[in-house]
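> sequence isn't available, so here's the structure alone:
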Ligand code: AAL
């Protein structure tokens, strides 16, 4: 009994002490809050800080000061993308026999924009790469099978006049006899160079297997002279780019020709759904090569087609569709080590911006405000074809268009409903 009373007493004393302590703690706290009001803040402030505040920060708050600007609306490497239908291209009433895709970046020569692209004009629409074994000289497997490289000109980047073929398929067995596709342009020392994919079999047969060829001309109107095949050769047997060097994309940087290219890997012949996409860099001092691949390739592990541009002293890139970092703009100070600069929405596919300083060897890249892209699903599954389109944006240091810096992109409900439900949703018991 005595022992219990003793414990009770001790308990009462402990409670009294703790109340007294907590009061003095409160006094101390309110004192320190008063003091802190005149001192540096210890919590993240209401007004956006221009510099990283010297307070403990969460990982997300730390990261926001690694970007161009902490507010995305002020970030020079963030933009919305707006789209406009091109005028002047005929698609045979959308019957799938005419397709235009994978535009080059347009260039401006004497007040006229020039553009090169993959054109397919076949008797029938593509049958699909699963059926590549059934493709013939007249039946294309994919949308980019049995194609040639055509070009068009424009005064405003919206209305285009198709001028004719620039580079056509050579005779069998020369490289590219099956299809020449996905061109991009380089202007170097007053000459024009077209880099493109050269197929020697219907794509889909053993993969999307093709290396890069090059042709050159004194004028953007041609005539084009064949300058070499396999200029960006495949990697060795166990290397990521062992059977594809796609989407060649040249830039003049640090006095040299930097060609970014793409390869899907971890894929063929039987692993298609587990594919990954990487981008490599190959550097040359002469447009016809030799091109040396960068030892750190792949320099980008997200994105599909290649879109790179000189920005400030480094190189920026748009990564779409594939990889953990898809739908991002990235920046590197050296053209090799890229970091995310912003997340973007409704991005242009196969974006080919008009970049006035892509070939000027600038060390102060200014960015761009418009370009061309493609939509690969213009037709129906049985009448597949692609169309080219124009996009506008504000990724330029020389313009400031608040409309392009809005962060919300609102699709109509139909766009969401069209995506369907997926098998788990259709089978509630399986959840
Ligand atoms: C494109 C590009 C390459 C591929 C095919 C045609 O969008 O990535 O060019 O080979 O698809």
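Right, received. Where do you want to start? As the structure is a computational prediction, the values presented were derived from the model and not from experiment. Residues are numbered from 1 along each chain as shown.

> can you tell if stretch 361-378 touches the ligand?
No: under the criterion of C-beta under 6 Å from any ligand atom, the ligand is not reached by stretch 361-378; the shortest gap measures 7.1 Å. C-betas here are computed from N, CA, C, even on glycine.

> in that stretch, which residues are buried?
By 16 or more other C-beta atoms under 10 Å, the buried positions in stretch 361-378 come out as 362, 365-376, 378.

> please enumerate the helices of the stretch 1-150 of the chain.
With helices called from DSSP state H, counting those that start in this stretch, the stretch 1-150 of the chain shows them at 2-38, 59-64.

> worst mean pLDDT among those?
Per-stretch mean pLDDT for these is lowest at helix 2-38 (a mean of 46).

> what segments of the stretch 301-431 of the chain are helices?
Taking DSSP H, counting those that start in this stretch to define them, one finds helices in the stretch 301-431 of the chain at 413-417, 423-426.

> among those helices, which is nearest the ligand?
Of all the helices of the stretch 301-431 of the chain, the one in closest proximity to the ligand, counting by C-beta to the nearest ligand atom, is helix 413-417 (21.9 Å).

> average model confidence for the closest one?
Helix 413-417 comes out at a mean pLDDT of 96.

> now stretch 247-260: how far from the chain's centre is it?
Put simply, stretch 247-260 sits 16 Å off its chain's centre (C-alpha atoms, centre = their mean, to the nearest Å).

> any buried residues in that stretch, and which?
Within stretch 247-260, the residues that count as buried by 16+ other C-beta under 10 Å are 247, 248, 249, 250, 251, 252, 253, 257, 258, 259, 260.

> tell me what the residue most central in space within the chain is bridged to.
With distances taken as C-alpha atoms, centre = their mean, residue 319 lies nearest the centre of the chain, 2.6 Å away. Note on residue 319: beta-bridge partners residue 328, judged by DSSP bridges.

> now for it: which residues touch it?
Residue 319 makes contacts with 300, 302, 303, 325, 326, 327, 328, 329, 330, as judged by C-beta atoms under 8 Å, 6 or more residues apart in numbering.

> same check, this time on residue 291
Counted by C-beta under 8 Å, 6+ apart, residue 291 has contacts 231, 232, 257, 259, 282, 283, 284.

> let's see that with 6 Å instead.
231, 232, 282, 284 (C-beta atoms under 6 Å, 6 or more residues apart in numbering).

> the second one - how many residues pack around it?
What that stands for is residue 232. Using other C-beta atoms under 10 Å, residue 232 has 25 other residues around it.

> surely residue 101 touches residue 116?
No: look at residue 101 against residue 116 with C-beta atoms under 6 Å: they stay out of range, at 11.6 Å.

> give me the more crowded residue out of the two.
The neighbour count for residue 101 versus residue 116, taken as other C-beta under 10 Å, is higher for residue 116 (27 against 24).

> tell me the bridge partners for the more buried one.
residue 151.

> which residues sit in contact with the residue lying closest to residue 258 once chain neighbours are set aside?
In space, residue 258 comes closest to residue 251 once its chain neighbours are excluded; the distance is 4.9 Å by C-beta to C-beta, 6 or more residues apart in numbering. Contact partners of residue 251, counting by C-beta under 6 Å, 6+ apart, are 258, 308, 358.

> so which strand or helix has the nearest residue to the last one once chain neighbours are set aside?
The shortest distance from residue 358 to any non-neighbouring residue, by C-beta to C-beta, 6+ apart, is to residue 251 (5.5 Å). Element membership for residue 251, per DSSP states H and E: strand 246-253.
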